[in-house]
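Trainee: Next come a sequence and a model predicted from it.
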Amino acid sequence: MLIIATGIYIGYRLRSKNTGSVVRVITGFIWLLLFLLGMEVGGNDKLIKGLFTFGQEAFLLMIAGVAGSVLASWALWTFLSKRHDIKKEEK
């Protein structure tokens, strides 16, 4: 957390400077980290053998997350629409 806080502070102090090259360096490091993560996963026999199971669980979590978001959005939209209609009637 201290490293993140330090980065935020430095970014805040340098916000008016041209930091275009920093974005490219960060993107390169992210690609490198993703590649190394893939190598680590590929070298782990337990993960490779359980990949299908992990994929099923991830798919179910994705479906539940999307369904929950849709349901919450619909509920909020309904609530705000009714509230807006009540305010219109009061005028």
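Mentor: In hand now; what should we look at?
Trainee: can you map out the helices along the chain?
Mentor: 2-13, 20-42, 45-49, 51-90 (DSSP state H).
Trainee: got the ones you listed as a markdown table, with mean pLDDT columns?
Mentor: Shown next, in a markdown table, are the helices of the chain (pLDDT from 0 to 100):
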| stretch | mean pLDDT |
| --- | --- |
| helix 2-13 | 92 |
| helix 20-42 | 92 |
| helix 45-49 | 87 |
| helix 51-90 | 89 |
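Trainee: Who are the contact partners of residue 53?
Mentor: By CB atoms under 8 Å, 6 or more residues apart in numbering, the contact list for residue 53 is empty. (C-beta placed from N, C-alpha, C; glycine too.)
Trainee: and the gap between it and residue 46?
Mentor: According to CB to CB, to the nearest Å, residue 53 and residue 46 sit 11 Å apart.
Trainee: Next, count neighbours for residue 73.
Mentor: 10 (other CB atoms under 10 Å).
Trainee: measure it to residue 65 for me?
Mentor: Using CB to CB, residue 73 is found at 12 Å from residue 65.
Trainee: swap in residue 5?
Mentor: 29 Å.
Trainee: Outline the domain layout of this protein.
Mentor: 1-44, 50-91 (automatic domain parsing).
Trainee: Centre of the chain to the shortest one, how far?
Mentor: By that I understand domain 50-91. A distance of 17 Å separates the centroid of the chain from that of domain 50-91, by CA atoms, centre = their mean, to the nearest Å.
Trainee: Likewise for the longest one?
Mentor: Remark: domain 1-44 is offset 16 Å from the chain centroid, using CA atoms, centre = their mean.
Trainee: Need the distance between the two termini of it.
Mentor: Domain 1-44 has an end-to-end distance of 29 Å (CA to CA, to the nearest Å).
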